[in-house]
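> After the sequence you'll find the predicted model.
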Amino acid sequence: MGTLSDQGIEDVRHYAPLHYLPFIARSNSLMRKPSLAAAGFPKTHYRSMSNGQDVVRGFGDYAHLTLDLEPRILKAKLAAGFPHIAISIPVAAVDAVDHSLCRFNVAMTRKLRRGNMPGHDESTRNGKYYEGHEIPIARTINEKTTMLSHPLNARTMIEVLIHDDLLLPTNTKIISYSDEDFKVTKNILTQLGSPWSVDLTHPPSNYPRSDLHSKSVADFIAQALADPSWRGNGLEFDKFK
């Protein structure tokens, strides 16, 4: 058992554009930004709206997961017609590695401890400030247990911050939100020989899958599968309005 599983949590999730799946499945991991840079991924690989925010706030050396089963950004991207997936990681794989918790959206929260600004209060609900962090986190077992069990948190906004790259186990599950995305996901995993399973579930919001954006995704995936050294073409959906 571990900190997360002791709270009845069964899986931890990472949400990503569907066209990132070839990179994730080929590396069999979720990588931190320094590792992505070392692997040759340019800055255009990251979301333009939040690129660099986690770094300047002290969170650039983490792989970011969440306990939220229906995050707002996923709903927004699906509602705009952009194919996305959830990567469901069994909790045992996360409990087995060093991780911290943050109950705020690291990239988007506007209340920071910076300059003369006090930021969020330190508390049993919010966690503590650690060196170089502009947002409080829970790092010790006691801090994490208290944060998870706080009745006002309800685990819906909590980010799980992995201290290293996270190797994804064979029983990882990819969740798709349309029949078309399910087929694409299955094809990617089959071509790469991945043991991960694929589930099809109802999207958490309206998902009018865009033919235009789906074509861009299909072209991107075809090139990523054909050329293991390719590192993308800058496709990311924050650029589309």
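Thanks, I have the structure now. Numbers count the residues shown, from 1 in each chain.

> in stretch 144-163, what counts as buried?
Residues 144-148, 150, 153, 155, 157-162 are the ones in stretch 144-163 that count as buried (16 or more other Cβ atoms under 10 Å). C-beta: built from backbone N, CA, C; applies to glycine.

> quick one, what contacts the residue nearest to H99 when sequence neighbours are not counted?
The shortest distance from H99 to any non-neighbouring residue, by Cβ to Cβ, 6 or more residues apart in numbering, is to I162 (5.1 Å). By Cβ atoms under 8 Å, 6 or more residues apart in numbering, the contact list for I162 reads 30, 32, 62-65, 94, 97-99.

> picking up where we left off before, would you reformat the buried residues of stretch 144-163 as TSV and include distance to T109 and secondary structure?
Output for these, formatted as TSV (distance: Cβ to Cβ, whole Å; DSSP: H, G, I helix; E, B strand; the rest coil):
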residue	distance to T109	secondary structure
K144	19	helix
T145	23	helix
T146	20	helix
M147	16	helix
L148	19	helix
H150	18	coil
N153	15	coil
R155	17	coil
M157	10	coil
I158	13	coil
E159	10	strand
V160	16	strand
L161	14	strand
I162	19	strand
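
> Greatest separation within those residues: which pair is it?
Taking Cβ to Cβ, the two most distant members of those are H150 and I162; they sit 21.7 Å apart.

> Do me a favour and average the pLDDT over stretch 168-188.
The average pLDDT within stretch 168-188 is 98.

> How about residues contacting that stretch?
For stretch 168-188, the external contacting residues (Cβ under 8 Å, 6+ apart) are 11, 18, 21-22, 24-25, 28-30, 78, 83-90, 92-93, 189, 194-203, 207, 209, 214, 217-218, 221, 225.

> cool, stretch 203-213 as well?
69-70, 74-76, 78-83, 177-178, 180-181, 237, 240.

> sorry, back to before: ranking the contacts of I162 by neighbours, who comes first?
Highest neighbour count within those, by other Cβ atoms under 10 Å: H99, with 24 neighbours.

> Now do the contacts for that residue.
Going by Cβ under 8 Å, 6+ apart, H99 touches 160-163.

> do T146 as well
By Cβ under 8 Å, 6+ apart, the contact set of T146 is 124-125, 138.

> In this structure, what helix or strand scores lowest on average pLDDT?
helix 53-56 (a mean of 87; mean pLDDT, DSSP states H and E).

> distance between it and the chain's centre?
Averaging C-alpha positions (Cα atoms, centre = their mean, to the nearest Å) puts helix 53-56 15 Å from its chain's average.

> For it, C-alpha coordinates in PDB please.
What follows is helix 53-56, C-alpha atoms only, in PDB (Å, rounded to 0.1, in the frame of the first residue of the first chain):
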ATOM      1  CA  GLN A  53       4.900  28.700 -16.500                       C
ATOM      2  CA  ASP A  54       5.700  25.600 -14.600                       C
ATOM      3  CA  VAL A  55       9.500  26.200 -14.900                       C
ATOM      4  CA  VAL A  56       9.400  29.800 -13.600                       C
END
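
> That helix packs against which elements?
For helix 53-56, the contact count by 3 or more Cβ pairs under 8 Å, 6 or more residues apart in numbering; DSSP states H and E identifies no helix or strand as a packing neighbour.

> Show me what secondary structure element comes after that helix.
strand 63-66 (DSSP states H and E).

> Not counting its own residues, what contacts the next helix-or-strand element following that next one?
Once the chain leaves strand 63-66, the next helix or strand it forms, by DSSP H and E, is helix 72-79. Residues outside helix 72-79 that contact it (Cβ under 8 Å, 6+ apart) are 15, 17, 84, 86, 177, 203-208, 237.

> Which among the residues you listed count as buried?
Buried subset of the contacts of helix 72-79 (neighbour count, 16+ other Cβ under 10 Å): 15, 17, 84, 86, 177, 203-204, 207, 237.
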